[in-house]
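[1] Prediction below, plus the sequence it came from.
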Amino acid sequence: MKRRVRFIDTRPLRSSPPYRALWIGTSASQLGAQIANVAVLAQVWELTGSPVGTGAIGLATGLPMVLFGLLGGTLADTVDRRALVRATTAGQLLAAGALCVQALAGNRNVVLLLALVAFATACSALGAPARRTFPVRLLPPDQVAAGLALNNVSFQFAMLAGPAAAGLIIARWDFAAAYATQAAAIALATLAVLRLPAMRPEGVRAEGGRRRAERGGWRVVLRRDTLWGSLATDLSATLLAMPIALFPLVNEVRFEGNPQTLGLFLSAVAVGGITAGLLSGTVTRWRRGGLVQLTAAALWGLALACFGLAGPLWLALTCLAVAGAADTVSVVTRSALVQLETPDAYRGRVSSVEHVIGVAGPELGNFRGGLVASATSATFSLVTGGLAAVAAITAIAAANSPLRAYRTPKEEPEPPARHAPEAEVGDAAQEARPA
């Protein structure tokens with residue numbers, strides 16, 4: 001049967017008022033975060049005038065993101081997730097206010113600035129696993145992928161519009177105005193979180209049951225073929241074929257180092273992602289989520305290998321746009337599959353694993369790409385990395401028939417039995433796999 005091309009599926013915005021409010025608040029918060037990111041980068045450069053100083057921003061954000069992301073996963077499976085996100089969002093609002101105050105006070109201490117950035121990142125990471133579980137609790141199963149696609153579109157839009165807005169705000173009103181804009185956006189997000197229903201994790205009540213869940217939560221990923229296969233697919237794609245670190249070198253070698261061309265590389269990826277998001281209704285209604293993710297992730301690697309060989313600028317930008325579109329489809333289908341396949345009692349910890357992979361994979365992939373390119377060339381690094389990603393994803397697909405055969409459930413799955421013995425965690429995981 002021939003499938004029609006559909007625009008983005010907006011059913012979640014119509015069917016769930018709590019999700020709609022959350023999406024509006026999250027979209028505003030993401031835009032504010034991009035504005036603040038540019039302000040931090042510009043202020044650190046103004047204070048230090050050193051690439052080491054701007055590089056320290058990555059340290060101030062990367063370490064808290066990993067450490068507190070893992071802790072946030074445990075908390076998300078222990079306490080009311082709404083309360084956790086309320087508290088961490090309040091912490092982000094406090095950090096944004098402090099950033100605004102230090103800018104108004106004419107702060108010249110870069111350590112203080114980076115400490116505030118680290119605090120803001122820690123608050124965000126602590127609440128991220130719990131926040132990832134919201135769509136699957138607020139939406140019916142057949143709308144979860146559509147809700148995640150809407151989230152992705154708002155993120156891609158923030159990536160495009162945020163830096164441009166930050167430049168205008170900083171040029172006219174300085175850094176304090178940029179941080180104040182972020183604070184206003186987080187305040188809007190806080191109002192959205194306050195309106196959410198209580199969301200305690202299901203399936204874990206007594207202390208003994210909680211301890212079993214803590215031990216068994218990590219095992220769910222390894223014992224469910226759909227989960228480890230989906231996360232391994234994402235890690236293979238980003239670890240082996242991440243291209244961002246190679247953009248300056250490709251631009252220098254092929255396009256005479258034109259800074260406008262470098263900007264076009266980044267924009268092409270975002271444009272591809274937004275386009276895929278706006279047309280995501282085509283894939284979010286497909287129930288074969290595992291097969292869609294595998295195909296999209298392989299297309300990402302193939303497109304980047306072609307980018308490594310592309311001569312004309314138009315061809316290079318086309319390859320990057322295709323890669324950006326494939327990445328969006330892969331991320332949306334993976335996120336939906338992970339949330340739907342994970343029992344609610346373990347969603348916080350499994351979400352923290354997904355979060356860490358999503359953060360560490362691209363960073364390590366950029367490091368790998370730069371290391372290989374320094375020993376060989378940008379072309380060799382891109383082509384071999386892209387083809388290696390395709391080979392790894394093909395191997396995962398061949399070895400993981402449950403992931404290939406996975407279908408999105410039509411009805412809400414029953415919650416796992418309370419106080420299941422630890423030995424039954426693996427059995428429950430096996431039974432939940434699609435036939």
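    Thanks, I have it. Quantities reported herein were computed from a predicted structural model and do not represent experimental measurements.
[2] residue boundaries of the strands in the stretch 101-250 of the chain?
    Taking DSSP state E, counting those that start in this stretch as the criterion, the stretch 101-250 of the chain carries no strands.
[3] show me where it has helices.
    Ranges of helices in the stretch 101-250 of the chain, per DSSP state H, counting those that start in this stretch, are 110-132, 134-138, 141-173, 175-194, 207-223, 225-241, 247-255.
[4] need the least confident one among those, by mean pLDDT.
    Among those, helix 207-223 has the lowest mean pLDDT, at a mean of 56.
[5] rewinding a little: can you say which of the helices of the stretch 101-250 of the chain is nearest to Ile24?
    With C-beta to C-beta as the criterion, Ile24 lies closest to helix 175-194 of these, at 6.3 Å. Any C-beta I mention is one placed from the backbone N, CA and C, and that applies to glycine too.
[6] Now do the buried residues in that closest one.
    The neighbour-count check on helix 175-194 (16 or more other C-beta atoms under 10 Å) flags 175-183, 185-190, 192-193 as buried.
[7] how far off helix 110-132 does that helix point, in degrees?
    Helix 175-194 and helix 110-132 are oriented at 20 degrees to each other (axes from the mean of the first three to the mean of the last three C-alpha atoms, to 10 degrees).
[8] which residues sit against helix 175-194?
    Contact with helix 175-194 is made by 21-22, 24-26, 28-29, 31-33, 35-36, 38-39, 42-43, 82, 85-86, 89-90, 92-93, 96-97, 99-100, 103-104, 165-166, 169-170, as judged by C-beta atoms under 8 Å, 6 or more residues apart in numbering.
[9] Output it as PDB, restricted to C-alpha atoms.
    Taking Å, rounded to 0.1, in the frame of the first residue of the first chain, the C-alpha atoms of helix 175-194 are listed here in PDB:
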ATOM      1  CA  PHE A 175      25.100  39.900  28.200                       C
ATOM      2  CA  ALA A 176      22.700  40.600  31.100                       C
ATOM      3  CA  ALA A 177      19.800  40.900  28.700                       C
ATOM      4  CA  ALA A 178      20.600  37.600  27.100                       C
ATOM      5  CA  TYR A 179      20.600  35.900  30.600                       C
ATOM      6  CA  ALA A 180      17.400  37.700  31.500                       C
ATOM      7  CA  THR A 181      15.800  36.300  28.400                       C
ATOM      8  CA  GLN A 182      16.800  32.900  29.400                       C
ATOM      9  CA  ALA A 183      15.400  33.400  32.900                       C
ATOM     10  CA  ALA A 184      12.000  34.600  31.400                       C
ATOM     11  CA  ALA A 185      11.900  31.500  29.200                       C
ATOM     12  CA  ILE A 186      12.600  29.200  32.200                       C
ATOM     13  CA  ALA A 187       9.900  30.900  34.200                       C
ATOM     14  CA  LEU A 188       7.400  30.000  31.400                       C
ATOM     15  CA  ALA A 189       8.700  26.400  31.500                       C
ATOM     16  CA  THR A 190       8.200  26.300  35.300                       C
ATOM     17  CA  LEU A 191       4.600  27.300  35.000                       C
ATOM     18  CA  ALA A 192       4.100  24.400  32.500                       C
ATOM     19  CA  VAL A 193       5.600  21.900  34.900                       C
ATOM     20  CA  LEU A 194       3.400  23.200  37.800                       C
END
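[10] can you give me the angle it makes with helix 141-173?
    If you take the same axes, to 10 degrees, helix 175-194 sits at 160 degrees to helix 141-173.
[11] Show me how far helix 175-194 is from its chain's centre.
    Its chain's C-alpha centre and that of helix 175-194 lie 20 Å apart, by C-alpha atoms, centre = their mean, to the nearest Å.
[12] Sketch out the low-pLDDT regions of the protein for me.
    Along the chain, the parts satisfying pLDDT under 70 run over 1-6, 51-52, 55, 203-218, 259-260, 262-263, 281-284, 410-435.
[13] which ones are touching the spatially most central residue of it?
    Nearest residue to the geometric centre of the chain (C-alpha atoms, centre = their mean): Gly358, 5.8 Å. Going by C-beta under 8 Å, 6+ apart, Gly358 touches Asp234, Thr238.
[14] quick one: it from Tyr346, how far?
    18 Å (C-beta to C-beta, to the nearest Å).
[15] Check Ile244 too.
    Distance from Ile244 to Tyr346, counting by C-beta to C-beta: 32 Å.
[16] The two - which one has more neighbours?
    Neighbour count, other C-beta atoms under 10 Å: between Ile244 and Tyr346, Tyr346 has more, with 27 against 15.
[17] Is that one in contact with Asp77, as I believe?
    Yes: here Tyr346 reaches Asp77: they are 6.4 Å apart, a contact under C-beta atoms under 8 Å.
[18] still on that earlier bit, of all the helices of the stretch 101-250 of the chain, which lies closest to Pro12?
    Here helix 141-173 is closest among the helices of the stretch 101-250 of the chain (C-beta to C-beta), at 4.1 Å.
[19] Okay, buried residues for that closest one please.
    Buried, per 16+ other C-beta under 10 Å, within helix 141-173: 141-160, 162-163, 165-166, 169-170.
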